[in-house]
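Chemist: let me see the structure of the following:
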Amino acid sequence: MADSQPTSSSASSAPKPKPRRRRWPLRLASWAWVLFGLVVILFLVYPFLVSTNFMFLFGKSPSLADLENPKVEQASEIYTSDGVLIGKYFRENRSPVALNQMSPLLIKALIATEDVRFYEHSGIDLQAVVGGAFSSLRGEKRGGSTITQQLAKNLYKIRRQQSRGALGYIPVVSTIVAKTKEWLTAVDLEQRYTKEEILRMYLNTVEYGSSAFGIKVAAKTFFHTSPDSLKPEEAAMLVGVLNNPTAYNPKFHPAAALRRRNVVLDRMGQAGVLPAAQIKALKATPIVLNYHVEPHIDGPDTYFRSAISQFVDAWCDSTGHDMYRDGMKIYLSIDSRMQAHAEEALHERMKALQRQFDNFWRNRGSNPWVDEKGQEIPDFILTQMKRTESYKSLANRYRNQPQRLDSALNAKRPMKVFTWKHDDNDTTLVMSPLDSLAYYKHFLQSGMMCMDPFTGQIKAWVGGLDFRFFQYDHVKQGRRQAGSTFKPFVYLTALDNGYSPCDRIRDQRVTINYVENGQPMEWKPDNVTREYTGINMTLRHAMARSVNSVTAQLTEKVGWENVAKYAHKVGITSPLLPVPSIGLGSAGDVSVYEMVDAYSTFLNNGFRSDPRLVTRIEDRNGNVIQQFDPVQHRAIPAETAWLMTYMLRGGMEEPGGTSQALWDYELWKNDNQIGGKTGTTSNYSDGWYMGMTKDLMTGVWVGGEDRSIHFVGSQQGEGGRTALPIFGKFMEKIYQDKELGYTPGHFPKPTVKINKKYTCVSESEPRRRAVAVDTIAADNLLEQMNNGGGVPDSLRR
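Modeler: Prediction:
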């Protein structure tokens, strides 16, 4: 039987399902409220997360200390003792000025162009932000940053690598984070600074192109004027450059710069800064530049540049300062007026001396590079060229290609070179590298330093003829044999060990016996004239006349080891060999710098003062960070020091003294006293003069770049004729410059009782007479010892 179908009554009695309630609108609303709450929370918390660099996601933001004391990279400036700016250290060349030292038109042009509502907002211009957003959607490029935001970005380098967190490497997100930091920093700046202070910081911070940072440097670079003297069209151009310092640089993109300047002028007209008629007239004018970029040189463009850099760099390392960004003011002991006098004196003498030198060798028909016999050294220039870095570079480039190397060495091209024939000391000649080297080898060189012996302050430093062409410093970097200027250290050793200026030694032929490497040796030094007077000379008279035989005997008596020890005690720092000829200056090479230091000990009552170039360093606000006071220590007794000064006066006061050529100079008012010592090395390779007055100690060296380049004869080549005239001319200029305050007069009286006899009668000769020669014909002992040979024949005569 088939299954029966259910009846209608049973179907109707089944329970009906309940209809579903629609809950999704409620849930959506709930999620919306949650999302809104999160947005609100994020909006409130996000700035905090950014400013605190939460989990290193956002990068560093300016701290409270940074905001209250913003550090802008500012050039450190170098000043002479009389306040003359002579150099800078910088990565960004910037010299801030006050707002009242800027043209009002410059400020109005900036506001009209970059931020018309500057005085109305508190760091963020919402109207400009919204306008900028809509412009971006339309594909237009329009900024919405306020002046304060731009200052925040420039001041704290917000978009640089060190300010980026983990999110800073994600496109778009990084821009949002950076913009947020700019907004937050801008608001903080507005809370801490007035509008005027923000304008001042902004104009002193931004880049204007051509390595000019800040309005002062920009005004000088482009128009050679000051910020307060800018004309309306000049102010408009500088404001226009800010949008893109490279694209709108008027030197390299004049058409673009002109268009941009005119945009700024239009904005100034719209803001009512200038009347429409004047705007129209200004737009019709071309951009007229007086362009001068300050060269990026570390420190002053002078021979003492390296010494300053080394000192300041070491000081910065020890104190945590940065001389390239901290805007310090570094004051030197150098006096710009004395420096100018020193340069002039050296140039005047060297110009005349070079003329004599050229004529001398032209008449001999030879180049000035000669051997011991006076014969020209073959292939001298090529040998010297092979020692240069340029040759090594060419040789590496043309390895195994001798013809191409020879061609490069002889390829001629125009070169700007040094010359004495023009007032500006330069000319252009067509030369090859070999020609250029030969040309420069003909020049005599010189170095000169003047120091206050009582404080150690260096007042003048001339390391060569012209720093543009000869950058080797002959004051501290160069070292040469000192010749007879080393003799005073022999007499110092004697005076400090029982001798007096009046003790006597006979001028006679002598033989000095000594032991070298276990072998007995002998040395027979010559007087320059090969003559011996037989006179029993006082030590003062012998030193004044620079008598070799007496110096050699005295060296043997006091011990050449002791002479080296005393030389080091008073200031010589170079190595010295304890050999019999040490008193004739052939025991080692020394610099002008250390010779001036050593002689200064005599004037300074026996105290050695460390030579100083830097006297104080100030911060950018003029507060003294550190004062560098004299550093002195007792080197020799006061009595010995005074007696040495008295001995050195003998060059002028003793009959036949080697300093008496100074009578030809205007130095003798007020019964002036001058002490000094001449010096000349073998073959006249080096000429020296060490000169002292009651206030100053000066050292001068003259010679060729190589020892083989020199005069041949005492009439031209000895120190009394090469170096002494530079000292004489320099002191003439010092005394004539009344503003300096240096006057002729007597040396200081002794501060202690002088127990040793020092007033004694020398052989009677006229006070002014032909100057005794001071050339050392017998100071080759060191050279022959180094070569392992016996005593040179010239010393056996």
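Chemist: from the contact counts, what lies against the helix or strand harbouring residue 337?
Modeler: In this structure, residue 337 is located in helix 336-364 according to DSSP states H and E. Packing contacts for helix 336-364, counted by 3 or more CB pairs under 8 Å, 6 or more residues apart in numbering; DSSP states H and E, involve strand 444-451, strand 458-462, strand 697-704, helix 714-717, helix 724-736. (Each C-beta comes from the backbone N, C-alpha and C, glycine too.)
Chemist: and that helix, what's buried?
Modeler: By neighbour count on 16 or more other CB atoms under 10 Å, the buried set for helix 336-364 is 336-339, 341-343, 345-347, 349-350, 353-354, 356-357, 360-361.
Chemist: quick one on the thing from earlier: indicate which one of the helices and strands packed on helix 336-364 is closest to residue 243.
Modeler: strand 458-462 (45.7 Å; CB to CB).
Chemist: can you give the contact residues for the closest one?
Modeler: Contacts to strand 458-462, defined as CB atoms under 8 Å, 6 or more residues apart in numbering, come from residues 81, 302-304, 307, 333-335, 338-339, 341-343, 346, 446-452, 475, 611-613, 696, 730.
Chemist: for the closest residue to residue 573 other than its chain neighbours, pull up the helix or strand it's in.
Modeler: Once flanking residues are discounted, residue 573 sits nearest to residue 594: 5.2 Å by CB to CB, 6 or more residues apart in numbering. If you go by DSSP H and E, residue 594 is part of helix 592-603.
Chemist: same question for the very next helix or strand once past that helix, mean pLDDT?
Modeler: Scanning forward in sequence from helix 592-603 by DSSP H and E, the next helix or strand is strand 607-609. Mean pLDDT, computed over strand 607-609, is 96.
Chemist: which other helices and strands contact the helix or strand just after strand 607-609?
Modeler: Beyond strand 607-609 in the direction of the C-terminus, DSSP H and E gives the next helix or strand as strand 614-618. Judged by 3+ CB pairs under 8 Å, 6+ apart, the packing partners of strand 614-618 are helix 305-319, strand 329-332, strand 624-627.
Chemist: mind running it again at 10 Å?
Modeler: strand 76-79, helix 305-319, strand 329-332, strand 624-627 (3 or more CB pairs under 10 Å, 6 or more residues apart in numbering; DSSP states H and E).
Chemist: which other helices and strands contact the last one?
Modeler: Contact analysis of strand 624-627 by 3+ CB pairs under 10 Å, 6+ apart lists helix 305-319, strand 329-332, strand 614-618 as its packing neighbours.
Chemist: let's see it at 6 Å
Modeler: strand 614-618 (3 or more CB pairs under 6 Å, 6 or more residues apart in numbering; DSSP states H and E).
Chemist: the strand it packs on pairs with which strands, and in what direction?
Modeler: Pairing partners of strand 614-618, with direction, according to DSSP bridges: strand 329-332 (antiparallel), strand 624-627 (antiparallel).
Chemist: quick one: contacts of the helix holding residue 594?
Modeler: Residues outside helix 592-603 that contact it (CB atoms under 6 Å, 6 or more residues apart in numbering) are 447, 449, 451, 453, 475-476, 570-573, 608, 611, 635, 641, 644-645, 690, 692, 697, 699, 701.
Chemist: same thing but at 7 Å, please
Modeler: 447-449, 451, 453, 474-476, 482, 485, 567, 570-574, 607-609, 611, 635-636, 641, 644-645, 648, 690, 692, 697, 699, 701 (CB atoms under 7 Å, 6 or more residues apart in numbering).
Chemist: pLDDT at residue 137, what is it?
Modeler: The model's pLDDT for residue 137 equals 56.
Chemist: next: residue 112.
Modeler: For residue 112, the predicted pLDDT is 93.
Chemist: thought it was touching residue 269?
Modeler: No. Counting by CB atoms under 7 Å, residue 112 stays clear of residue 269, with 8.6 Å between them.
Chemist: neighbour-wise, which of those two wins?
Modeler: Applying other CB atoms under 10 Å to residue 112 and residue 269 shows that residue 112 carries more neighbours, namely 23 against 19.
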